[in-house]
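> Provided below are the primary sequence and the corresponding predicted coordinates.
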Amino acid sequence: MSENENAAAPAPETNGEAAATPTASAAPQAEAEPQQEQAAPEEITYHAVEKDGQVTAIWEMQGRKHLRTIDPRSRQGQEILRLYTAEHGE
């Protein structure tokens, strides 16, 4: 059997002893840690949402995941827009 099949198998029943439970729960955690180390974190990017030529929202994204929406009128929204226009000369 492969490691994944062992981790998915139910723990053998005992006479009310909880000794088997820590062993069963420790195996999935040990397997999950190497996967997190292998995956590189996605870069955070900002996307302007425009309507009728005006920026109505700024989306903070990590890869394809939407983290939050920033109001372009807020201090942070204005900083992001200022940095973008300074870099691109628009």
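It's in. Residues are numbered from 1 along each chain as shown.

> make sure Ile80 is indeed in a helix.
Yes: according to DSSP: H, G, I helix; E, B strand; the rest coil, Ile80 belongs to a helix.

> isn't it up against Ile58?
Yes: Ile80 lies in contact with Ile58 (CB atoms under 8 Å); the separation is 5.7 Å. In this view, the C-beta of every residue, glycine as well, is placed from N, C-alpha and C.

> the two: who's more crowded?
It is Ile58, of Ile80 and Ile58, that has more neighbours when counted by other CB atoms under 10 Å, with 21 against 18.

> may I ask you to confirm that that one is in contact with Tyr46?
Yes: using CB under 8 Å, Ile58 is in contact with Tyr46, at 5.5 Å.

> any common contacting residues for these two?
70, 80 (CB atoms under 8 Å, 6 or more residues apart in numbering).

> does Asn72 touch Lys51 like I think?
No, residue 72 isn't Asn; it's Pro. No: Pro72 is beyond contact range of Lys51, at 11.3 Å (criterion: CB under 8 Å).

> tell me which of the two has more neighbours.
Taking neighbours as other CB under 10 Å, Pro72 and Lys51 compare with Pro72 leading, 18 against 8.

> partner residues bridging the closest residue in space to the more buried one that isn't next to it in sequence?
Closest residue to Pro72 apart from its sequence neighbours, by CB to CB, 6 or more residues apart in numbering: Val55 at 4.6 Å. Following DSSP bridges, Val55 is listed with bridge partners Glu50.
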